[in-house]
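Colleague: predicted coordinates and the sequence they were generated for:
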Amino acid sequence: MAQVAKKIVNGCENYSYNFKLNGEEMVLAKLEKSNLTVFFDVGANRGEWSILVRRHFPASSVHCFEIAPPMHDILGKAVKQLSPPVIVNHFGLSNKTGPVKFNFCTEADGMSSLLLTPELVGQYVQIDADVVNGDDYVEKHAIQRIDFLKLDVEGAENLVLTGLSETLKRGAIKVIQFEYGLANIIAEFLLKDFYQLLEPLGYSIGKIFPERVEFKAYSRIDENFIGPNFLAVRKDEKDLIKLLSS
């Protein structure tokens with residue numbers, strides 16, 4: 001009975017990483033007619049999300065960031081089909097620029113992380129990788145705004161957001177999608193920390209469900225590590241919030 005109850009809870013909390021089922025594609029579909037042109041895919045992995053973006057935003061400018069060297073060729077081949085070409089960066093975004101030690105998960109590359117997950121220690125291979133400060137990247141490429149910032153970095157979300165602190169302060173990021181789950185325990189960056197960081201910067205935060213985004217104030221009840229994805233939208237983008245909520 002406990003296992004059945006757990007499945008019911010996970011179902012109600014939308015525990016799914018399938019783009020088509022968990023609401024991630026729904027978000028892009030609802031935003032299709034909005035004026036979004038610049039997308040950052042941070043933690044691009046195999047490029048699935050970037051391909052999805054181009055399906056809904058054919059003329060968009062997409063910047064992919066993939067920290068794991070073993071994934072670079074796989075990502076490059078996956079997005080090679082896209083036209084106009086996406087920008088593929090063979091480094092991650094972080095709060096600094098330079099080399100890092102990265103834990104590549106050989107059994108499930110999507111679980112690779114800067115952090116060490118105890119349950120997966122035997123599946124990790126530590127490799128050399130590179131990261132770049134987000135604000136430096138934005139400045140170097142003369143990017144005036146980021147319309148949609150997607151984060152899938154297995155617990156390193158706080159590092160990416162810290163690296164983009166100046167871009168966030170000037171209100172130049174419209175929508176942020178971030179994962180929240182068990183990796184946040186190891187990162188010691190909880191759901192409340194996302195709220196405390198982003199709300200003062202002018203964002204409304206909600207959980208992504210299959211048919212809508214449920215924007216709401218923080219509650220400790222939501223600190224369940226089920227995730228999987230939340231959305232932060234600038235409060236002055238009232239039309240977007242209304243569209244996503246319906």
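Modeller: Done, it's in. Numbering: from 1, shown residues only.
Colleague: and the most centrally placed residue in the chain, what does it touch?
Modeller: By CA atoms, centre = their mean, the chain has its centre lying nearest to residue 151, at 1.7 Å. If a contact means CB atoms under 8 Å, 6 or more residues apart in numbering, then residue 151 has 42, 43, 157, 160, 161, 176, 177, 178, 179 as its contacts. Heads up, the C-betas are built off the backbone N, CA and C, glycines and all.
Colleague: for it, give the beta-bridge partners.
Modeller: Beta-bridge pairing for residue 151 (DSSP bridges): residue 42, residue 178.
Colleague: just the pLDDT at it, thanks.
Modeller: We have a pLDDT of 98 for residue 151.
Colleague: tell me which residues touch residue 142, please.
Modeller: Residues counted as contacts of residue 142 (CB under 8 Å, 6+ apart): none.
Colleague: mind giving me the packing neighbours of the longest strand seen in the chain?
Modeller: Criterion DSSP state E: the longest strand present in the chain is strand 124-133. Strand 124-133 makes packing contacts with helix 69-79, strand 92-94, strand 98-105 when contacts are defined by 3 or more CB pairs under 8 Å, 6 or more residues apart in numbering; DSSP states H and E.
Colleague: 7 Å instead?
Modeller: strand 92-94, strand 98-105 (3 or more CB pairs under 7 Å, 6 or more residues apart in numbering; DSSP states H and E).
Colleague: give me whichever of those is most buried.
Modeller: Burial of the helices and strands packed on strand 124-133 is given as mean neighbour count (mean count of other CB atoms under 10 Å); strand 92-94 ranks first at a mean of 26.
Colleague: sheet partners, orientation included, of that strand?
Modeller: Paired neighbours of strand 92-94 in the sheet (DSSP bridges): strand 124-133 (parallel).
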